[in-house]
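Undergrad: Predicted structure and sequence below. I'll ask about it afterward.
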Amino acid sequence: MICRPPCSLPTDSPMIPANISQYLIKRAISAPWKIAVPVHRTFAGAVLIPALAESSRLFTTLRSLAENPPERLDRFLVMVVVNHRADASRQDKTDNNVTLKRLAVTDPALAKMHLAWVDAASPGLEMPIKGGGVGLARKIGADLALPCLDYHAADPLLVYLDADTLVRPDYLPALVHHFETSRAGGAVIPFRHQAGSSTEEQQAIDHYELFLRGYVLGLELAGSPYAFHTVGSAMACRASAYARMGGMNSRAAGEDFYFLQQLHRTSGVAQVRGTVVYPSARASHRVPFGTGRSISRVLAGDDDAIRFYRPECFLVLKDWLEMVMHNTGLDGVELLTGSAEISPQLAGYLESIGFAAAWEKLRVNNKNDRATMTAFHGWFDGLRTMKLIHHLSATDYPRCKAEETMPALLQRAGEQPAEGIKEELEILQRMQTNL
């Protein structure tokens with residue numbers, strides 16, 4: 001059903017908790033954007049879908065979502081943010097106009113869904129050229145959804161989906177069950193890319209997904225707390241966790257990585273079980289990196305488009321994390337000296353990011369080993385971890401083809417040898433889905 005009457009609670013309404021109210025007052029997005037149709041009731045959660053030139057795919061995604069149980073659909077607001085920047089192409093603007101017109105017409109297939117949308121595409125409502133990307137679109141959706149949520153029964157949910165990503169009928173039930181049983185404020189959802197439109201595209205997406213999964217496997221084997229996927233269409237959080245971390249960032253690309261990293265620092269991130277989402281496998285040039293750009297480069301014949309990290313990088317990371325964990329009584333200089341025995345490149349990287357001084361602050365500000373390690377992982381976060389892997393790859397351990405790294409990683413994970421990329425991918429999909 002289309003949501004008609006109004007969700008217009010003031011930000012300081014007694015129906016909205018103080019932490020959410022403070023976020024809305026201090027950090028939430030401001031005008032000119034608003035929900036295009038009034039919403040008269042509150043919900044247990046909101047599914048937020050940014051849509052840029054997605055008129056041919058959005059409604060397929062919505063129909064897949066509509067296959068979820070009616071009692072779950074009734075408790076969720078589905079919010080589409082139709083968006084483009086002021087400098088968007090005429091083709092994208094025309095496509096978004098088509099989307100807005102279709103949203104305004106009741107679709108019988110979506111009758112059980114509480115569907116609302118935000119116009120960030122019409123003249124005067126377009127996103128700014130500077131800072132106007134998918135991060136801002138996700139932020140607009142979340143910030144406008146917060147006053148429409150029910151804070152009385154439980155901590156409501158913000159669920160991120162993309163306009164070209166398909167879901168299963170168990171999507172909402174799995175999310176609700178996860179947050180009923182998990183203490184973490186954030187969640188990542190298992191994913192598998194949709195089938196490619198050609199043999200070449202399928203090979204490209206298999207290659208890229210294996211790269212993503214190989215990196216997360218390497219982090220897991222190293223004992224990193226950041227061993228989870230950062231896919232924008234496969235993440236969710238509690239409303240309280242969203243407010244606590246300061247909300248979604250406005251990055252044009254990589255917003256999902258930074259969002260989940262900050263969410264992990266402040267509230268924790270755990271993996272959902274019982275469902276899978278299916279992002280698109282299509283080529284794209286919308287953002288400077290990510291799935292679409294990588295697929296485009298592979299299809300264009302760029303042999304260097306996808307290069308894997310060598311297992312040695314993750315061994316260095318593993319040895320470093322274990323050394324810190326078992327030697328919290330050492331000072332920063334002593335830990336730096338020890339890191340040089342693991343790898344001179346590791347020591348050089350740690351020195352370049354000011355580890356010794358940062359470690360001393362962590363020791364002073366935390367009373368016991370457990371608190372110190374929690375603070376350490378907040379400082380040596382997913383970004384610094386990734387930069388270490390990049391540094392090692394640029395020096396001692398150059399990036400390589402899949403066949404030079406995946407067999408060793410899978411062996412260390414206790415898996416049997418596999419025949420090629422497709423079989424290796426199937427193994428990792430099974431390992432990392434946890435149905």
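TA: Received the coordinates, thanks.
Undergrad: Number of residues surrounding the closest residue to residue 278 other than its chain neighbours?
TA: Leaving aside its sequence neighbours, residue 278 sits nearest to residue 166 (C-beta to C-beta, 6 or more residues apart in numbering; 4.3 Å). Placement of C-beta: from N, CA and C, glycine included. Residue 166 is flanked by 21 other residues according to other C-beta atoms under 10 Å.
Undergrad: check contacts around residue 166.
TA: Neighbouring residues of residue 166 by C-beta atoms under 8 Å, 6 or more residues apart in numbering: 60-61, 64, 194, 277-278.
Undergrad: now do residue 256
TA: Applying C-beta under 8 Å, 6+ apart, the residues near residue 256 are 160, 230-232, 235.
Undergrad: Which of these fall in strands?
TA: Cross-referencing the contacts of residue 256 against strands under DSSP state E gives 160, 235.
Undergrad: mind listing the strands for this structure?
TA: 45-51, 76-83, 114-120, 157-160, 186-188, 235-238, 269-271.
Undergrad: returning to what we had before: which ChimeraX command selects the buried ones in the contacts of residue 166?
TA: The command below creates a ChimeraX selection of those among the contacts of residue 166 that count as buried (16 or more other C-beta atoms under 10 Å):
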select :61,64,277,278
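Undergrad: Would you point out the most distant pair within the contacts of residue 166?
TA: Among the contacts of residue 166, the pair separated by the greatest distance (C-beta to C-beta) is 60 and 277, at 13.5 Å.
Undergrad: if we can go back for a sec, among the contacts of residue 166, which are located in helices?
TA: 60-61, 64 (DSSP state H).
Undergrad: now these in CSV, with pLDDT and distance to residue 351?
TA: Formatted as CSV, those follow (pLDDT from 0 to 100; distance: C-beta to C-beta, whole Å):
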residue, pLDDT, distance to residue 351
60, 98, 51
61, 99, 47
64, 99, 50
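Undergrad: Just the closest of those to residue 329, please.
TA: Out of these, the member with the shortest distance to residue 329 (by C-beta to C-beta) is residue 61, at 52.7 Å.
Undergrad: Now do the same contact list for that closest one.
TA: 49, 161-167 are the contacts of residue 61 under C-beta under 8 Å, 6+ apart.
Undergrad: same thing but at 10 Å, please
TA: 49, 51, 54, 80, 161-167, 233, 277-278, 280 (C-beta atoms under 10 Å, 6 or more residues apart in numbering).
Undergrad: Per the annotation, how does this structure divide into domains?
TA: Annotated domains of the chain cover 18-191+229-275, 311-394 [automatic domain parsing].
Undergrad: May I have the distance across the longest one, first residue to last?
TA: Using C-alpha to C-alpha, to the nearest Å, the end-to-end distance of domain 18-191+229-275 comes to 33 Å.
Undergrad: For the stretch 301-435 of the chain, which segments are assigned as helices?
TA: 311-326, 332-342, 344-352, 355-365, 369-379, 382-394, 402-412, 420-433 (DSSP state H, counting those that start in this stretch).
Undergrad: Residue 120 is nearest to which of those?
TA: Of those, nearest to residue 120 by C-beta to C-beta is helix 382-394, at 28.1 Å.
Undergrad: ok so, going back, take the strands of the chain and write them to JSON lines, including distance to residue 252, mean neighbour count and mean pLDDT.
TA: Converted to JSON lines, those look like this (distance: least, C-beta to C-beta, whole Å; neighbours: other C-beta atoms under 10 Å; pLDDT from 0 to 100):
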{"stretch": "strand 45-51", "distance to residue 252": "12", "mean neighbour count": "27", "mean pLDDT": "99"}
{"stretch": "strand 76-83", "distance to residue 252": "12", "mean neighbour count": "27", "mean pLDDT": "99"}
{"stretch": "strand 114-120", "distance to residue 252": "14", "mean neighbour count": "23", "mean pLDDT": "98"}
{"stretch": "strand 157-160", "distance to residue 252": "16", "mean neighbour count": "25", "mean pLDDT": "99"}
{"stretch": "strand 186-188", "distance to residue 252": "21", "mean neighbour count": "24", "mean pLDDT": "99"}
{"stretch": "strand 235-238", "distance to residue 252": "18", "mean neighbour count": "25", "mean pLDDT": "99"}
{"stretch": "strand 269-271", "distance to residue 252": "23", "mean neighbour count": "19", "mean pLDDT": "98"}
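Undergrad: Is it possible to get CSV of these that adds distance to residue 253?
TA: Formatted as CSV, the strands of the chain follow (distance: least, C-beta to C-beta, whole Å):
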stretch, distance to residue 253
strand 45-51, 13
strand 76-83, 14
strand 114-120, 17
strand 157-160, 15
strand 186-188, 18
strand 235-238, 15
strand 269-271, 20
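Undergrad: And the ones you listed: which comes nearest residue 432?
TA: strand 269-271 (8.2 Å).
Undergrad: Let me see the residues that make contact with the closest one.
TA: Outside strand 269-271, the residues touching it (C-beta under 10 Å, 6+ apart) are 178-179, 181-190, 225-230, 234-237, 241, 260-261, 263-264, 432-434.
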